[in-house]
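Asks: Please find the sequence and the predicted model below.
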Amino acid sequence: MTTRVSRRERSFEEAMERLEAIVSEIESDELGLEKQFELFKEGMALARFCDAKLKEVGKSVELVLKESGEEWKTVPFETGPIAGEESNDDDRG
């Protein structure tokens, strides 16, 4: 029995965990260019996987709401600013 998780069996949480580890490795500046590039490619594949999972879940949520028999307004999901980015919506004066 293998303990390695295939891409098809990987959960969203596992993919995010690996993606965070990759970012930390790349930011450490301890790797050569080739290794950084390999990690970058793996990270991009994981990012696409996570994006697809989020879209899949979003469609499922919309479907559940439609099946409930009540009228629901579908609005785009908006996230806050990414960590480290400043918001231009500061109305404090």
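Replies: On my side now, so go ahead.

Asks: List the buried residues of the helix ranked longest in the chain.
Replies: Assignment by DSSP state H gives helix 33-67 as the longest helix of the chain. Within helix 33-67, the residues scored as buried using 16 or more other Cβ atoms under 10 Å are 36, 39, 43, 46, 49, 50, 53. Backbone N, C-alpha and C define where each C-beta goes, glycine included.

Asks: okay, and for this protein, where does confidence drop off?
Replies: 1-8, 63-93 (pLDDT under 70).

Asks: ok, now which ones touch residue 23?
Replies: residue 43 (Cβ atoms under 8 Å, 6 or more residues apart in numbering).

Asks: Quick check: which element contains it?
Replies: Here residue 23 sits within helix 12-27, counting by DSSP states H and E.

Asks: circling back: so what secondary structure elements neighbour the longest helix of the chain?
Replies: Judged by 3 or more Cβ pairs under 8 Å, 6 or more residues apart in numbering; DSSP states H and E, helix 33-67 is in contact with helix 12-27.

Asks: tell me the angle of the helix it packs on relative to helix 33-67?
Replies: 150 degrees (axes from the mean of the first three to the mean of the last three Cα atoms, to 10 degrees).

Asks: Next, the buried residues of helix 12-27.
Replies: 15, 18, 19, 22, 26.

Asks: With just CA atoms, put it into PDB.
Replies: In PDB, the C-alpha atoms belonging to helix 12-27 read as follows (Å, rounded to 0.1, in the frame of the first residue of the first chain):
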ATOM      1  CA  PHE A  12      -8.300  20.700  -1.500                       C
ATOM      2  CA  GLU A  13      -6.700  21.100   2.000                       C
ATOM      3  CA  GLU A  14      -3.800  18.800   1.100                       C
ATOM      4  CA  ALA A  15      -3.200  20.800  -2.100                       C
ATOM      5  CA  MET A  16      -3.300  24.100  -0.200                       C
ATOM      6  CA  GLU A  17      -0.900  22.700   2.400                       C
ATOM      7  CA  ARG A  18       1.600  21.600  -0.200                       C
ATOM      8  CA  LEU A  19       1.200  25.000  -2.100                       C
ATOM      9  CA  GLU A  20       2.100  26.800   1.100                       C
ATOM     10  CA  ALA A  21       5.100  24.600   1.600                       C
ATOM     11  CA  ILE A  22       6.200  25.300  -1.900                       C
ATOM     12  CA  VAL A  23       5.900  29.000  -1.400                       C
ATOM     13  CA  SER A  24       8.000  28.800   1.800                       C
ATOM     14  CA  GLU A  25      10.700  26.700   0.000                       C
ATOM     15  CA  ILE A  26      10.900  29.200  -2.900                       C
ATOM     16  CA  GLU A  27      11.000  32.200  -0.600                       C
END
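
Asks: Cool, thanks, talk later.
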